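Novice: Task: produce atomic coordinates for the following.
(one chain, ligands or ions: 1)
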Amino acid sequence: EEQEEDVLRELRLFLRNITERLSLDRRFKAFTKPVDIEEVPDYLMVIKKPMDLSTLLTNIDEHKYVTVGEFMADADFIWKNALEYNPDSDPMDRNIRHRACALKDTVRAIIRDELDEDFERVCEEIRESR
Ligand SMILES: COC(=O)N1C[C@@H]2C[C@@H]3O[C@]2(Cc2nccnc23)C1
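Specialist: Residues are numbered from 1 along each chain as shown. Okay, here's the model as predicted:
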């Protein structure tokens with residue numbers, strides 16, 4: 001129905017805006033592109049679902065997300081993967097884990113501050129109807 005497509009168009013605009021703002025934040029540079037498997041050959045042995053900000057953007061444009069909750073589930077893989085793959089006490093691992101935690105908190109703060117609960121409920125009704 002046309003009104004539903006209007007809602008999903010607005011959802012994609014909201015999700016692109018969040019994703020682009022995160023991509024511009026220098027703290028999150030390590031999360032902007034997929035981890036380079038040639039540079040890190042064991043990455044896919046440890047991490048079963050790689051995710052990054054550019055892939056989120058592609059998914060948005062491919063209409064993968066019908067609710068903010070579905071987007072957040074993928075966004076969560078970005079920081080969860082970083083905590084899992086970089087667990088050591090050395091400064092490099094601690095630094096990327098700090099940035100991963102900042103990413104988690106920043107996504108949640110933006111959504112708490114900028115997502116209307118009624119809008120997400122309409123998206124969830126569309127998801128259940130399909
Ligand atoms: C989200 O980013 C990450 O989880 N990582 C883990 C990898 C280990 C380390 O840092 C990463 C890239 C890299 N490339 C070459 C040599 N060592 C590294 C980025």
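
Novice: contacts and neighbour counts: CA atoms only from here.
Specialist: Noted.

Novice: This structure against the ligand: which residues are in contact?
Specialist: Contact residues, the chain versus the ligand (CA under 6 Å from any ligand atom): Ala30, Phe31, Val35, Glu39, Val40, Ala82, Tyr85.

Novice: Go through these and name the one nearest Ser23.
Specialist: In terms of CA to CA, no member of those lies closer to Ser23 than Phe31, at 7.9 Å.

Novice: Next up, the contacts around the closest one.
Specialist: Phe31 is in contact with Ser23, Asp52, Leu53, Ile78, counting by CA atoms under 8 Å, 6 or more residues apart in numbering.

Novice: Helix or strand: which one has the first one?
Specialist: In this case it means Ser23. In the assignment (DSSP states H and E), Ser23 maps to helix 2-24.

Novice: Look up how far Leu44 lies from the residue of the chain found nearest the ligand.
Specialist: At 4.4 Å from the ligand, Ala82 is the closest residue in the chain, using CA to the nearest ligand atom. Noted for Ala82: a distance of 13 Å to Leu44, by CA to CA, to the nearest Å.
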